[in-house]
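Visitor: Build me a model from this:
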Amino acid sequence: MTLAPTNRSVTLASIPAAMGDIKLAHSVFALPFAVLASFLAREPGSSWGRFAAQLAVVVVCMVLARTWAMLVNRWADREIDADNPRTAGRAIPSGRVSPGSAAALGAASAGGFLACCGMFWIAFGNPWPIALAVPTLAWIAFYSFTKRFTALCHVFLGGALAASPLAAAIAVRPEALADTPALWWLSGMVLCWVAGFDMIYALQDMDFDRSRGLHSAPARLGWRGASWLARGLHVLAFTSLVAGGLVEPRFGLVYWLAVAPVGGLLIAEHVVLARRGREGLQMAFFTLNGVVSCLLGLGGVLSLVL
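Guide: Numbering: from 1, shown residues only. Sure thing, here's the model as predicted:
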C-alpha cells in the first residue's frame, strides 16, 4: 500500500534534479536553427496563424527531443561519470536521481515527442513527422554510445543536432527539402560547428578518456591536434553559412550583418582557447557558442520576415 506513493514521490522529486542536470537552457544551441529552418520552409503567402501553430509545436518537439537525448546520455554514461571527478557530481552518479527515474523521465519525453509529432498529421495533414519520429529518437540517442568505439563521436553529435533544421522544415513543409537548398547548408553548418565545439569541450577530459580507453579527438590527437581539427571544422561551418546565404535569395542585408560577427565570434572562441587553455573552456564553449546560435537565428529570421 505504501510502495506506489513512495515511488511516485521519488520520481517527482527527481524531476528538478534531472532537469537541472541536463540544463534545458542549453537548448539554445540548436533551437534557433530549427526556428530559422521553419521560416525558410514556410509556404510564401500562407496563413501566419497556421504557421505560428506549427512553429509552437516544432519548439515543443525540439525541447522534448533534446531532453530525451540528454537523459539517455546521462543514463548511458552514469558509471563513466561516477569515475570522472568533473562529472561525479551529476544527478545520477551523485544519487540525486536514480537510473530508473532517469529512464522513466526519458521515456516520458520520448512519448511526448511522439505525441507532438502526431499532431502534425492530425492538425496539419502532414504524416512525415510521426513517420520519422522513432528513427529520429534513435539517431539523436546514438551519439551517447559512440565514444566507446570511435573518435568520430563529435561528428555524430553534430549530426544529431544538424537533424534539427531539417526536421523542422519537414514538419512545416516537407517539399522545402527539395526546393530550398539553404536548408542543407544550414544543416551542414550546424554539423561542423557542433562537432568543432564538442571537440573543444572534450579537451577537459582528454587524460580521463585516455585512462578509460574512451575514444575522442583529444584522446586520439592530443590538445594541439584536436584544437586544429576544431578550427578546420569551424572554417567549414562559416563557409556553409556563406554558401547558404548565396543560394537563398530571401536572405538580405540583415542575414549578412549576422553572419559577419559570427565569423568573429568563432575566431574569438579559438583565441580564448589558445591563450587561456583549460581556463578558457567555459567561455569558449558556452558563452560564445550561445551567442553564435542566437545571433544567426535572429538575424536569419529577421531577414526573411523583413
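Visitor: Enumerate every residue touching the closest residue to R50 other than its chain neighbours.
Guide: Nearest in space to R50, with sequence neighbours left out and distances taken as C-beta to C-beta, 6 or more residues apart in numbering, is F124 at 7.4 Å. C-betas here are computed from N, CA, C, even on glycine. With contact taken as C-beta atoms under 8 Å, 6 or more residues apart in numbering, F124 is in contact with R50, A53, Q54.
Visitor: Can you tell me which of the residues you listed are buried?
Guide: Burial by neighbour count, 16 or more other C-beta atoms under 10 Å: within these this picks out Q54.
Visitor: Now tabulate the contacts of F124 in CSV and tack on distance to G213, secondary structure and pLDDT.
Guide: Formatted as CSV, the contacts of F124 follow (distance: C-beta to C-beta, whole Å; DSSP: H, G, I helix; E, B strand; the rest coil; pLDDT from 0 to 100):
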residue, distance to G213, secondary structure, pLDDT
R50, 52, helix, 95
A53, 49, helix, 97
Q54, 45, helix, 97
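Visitor: for the stretch 201-306 of the chain, which spans come out with low pLDDT?
Guide: 280-286 (pLDDT under 70).
Visitor: try 90 this time
Guide: 265, 268-295, 306 (pLDDT under 90).
Visitor: Next, please give the residue ranges for the strands of it.
Guide: With DSSP state E, counting those that start in this stretch applied, the stretch 201-306 of the chain shows no strands anywhere along its length.
Visitor: any idea where the helices of it begin and end?
Guide: Taking DSSP state H, counting those that start in this stretch as the criterion, the stretch 201-306 of the chain carries its helices at 206-212, 217-247, 253-276, 281-282, 288-305.
Visitor: nearest to A37, of those?
Guide: Closest approach to A37 among those is made by helix 288-305 (9.1 Å; C-beta to C-beta).
Visitor: Now do the buried residues in that closest one.
Guide: 288-289, 291-293, 295-297, 299-301, 303-304.
Visitor: how close does the residue nearest to R50 sit to P44?
Guide: According to C-beta to C-beta, to the nearest Å, F124 and P44 sit 17 Å apart.
Visitor: Then T180?
Guide: Plainly put, T180 is 11 Å away from P44 if you go by C-beta to C-beta.
Visitor: Between the two, tell me which one has more neighbours.
Guide: T180 (21 against 5; other C-beta atoms under 10 Å).
Visitor: shouldn't the more buried one be in contact with A41?
Guide: Yes: counting by C-beta atoms under 8 Å, T180 touches A41, with 6.5 Å between them.
Visitor: which residues do these two both contact?
Guide: Residues touching both T180 and A41 (C-beta under 8 Å, 6+ apart) are A169.
Visitor: Check the spatially closest residue to I22 that is not a sequence neighbour and give its pLDDT.
Guide: Of all residues not flanking I22 in the chain, M70 sits nearest, at 3.8 Å (C-beta to C-beta, 6+ apart). pLDDT, M70: 94.
Visitor: Tally up the residues packed near M70, please.
Guide: 24.
Visitor: Just the buried positions in the helix or strand encompassing it, please.
Guide: Using DSSP states H and E, M70 sits in helix 48-76. Buried residues in helix 48-76, counted by 16+ other C-beta under 10 Å: 51, 54-55, 57-59, 61-76.
Visitor: Also stretch 81-101?
Guide: Buried residues in stretch 81-101, counted by 16+ other C-beta under 10 Å: D81, N84, T87, R90, A91, I92, P93, R96, V97, S98, S101.
Visitor: Which of the three states applies to the third one?
Guide: Going by DSSP: H, G, I helix; E, B strand; the rest coil, the secondary structure assigned to T87 is coil.
Visitor: Report the separation between the residue lying closest to it once chain neighbours are set aside and R212.
Guide: Sequence neighbours aside, D81 is the residue nearest to T87 in space, at 3.9 Å (criterion: C-beta to C-beta, 6+ apart). Using C-beta to C-beta, D81 is found at 11 Å from R212.
Visitor: swap in I200?
Guide: 20 Å.
Visitor: These two - which one has more neighbours?
Guide: Set I200 next to R212 and count neighbours by other C-beta under 10 Å: I200 wins out with 26 against 14.
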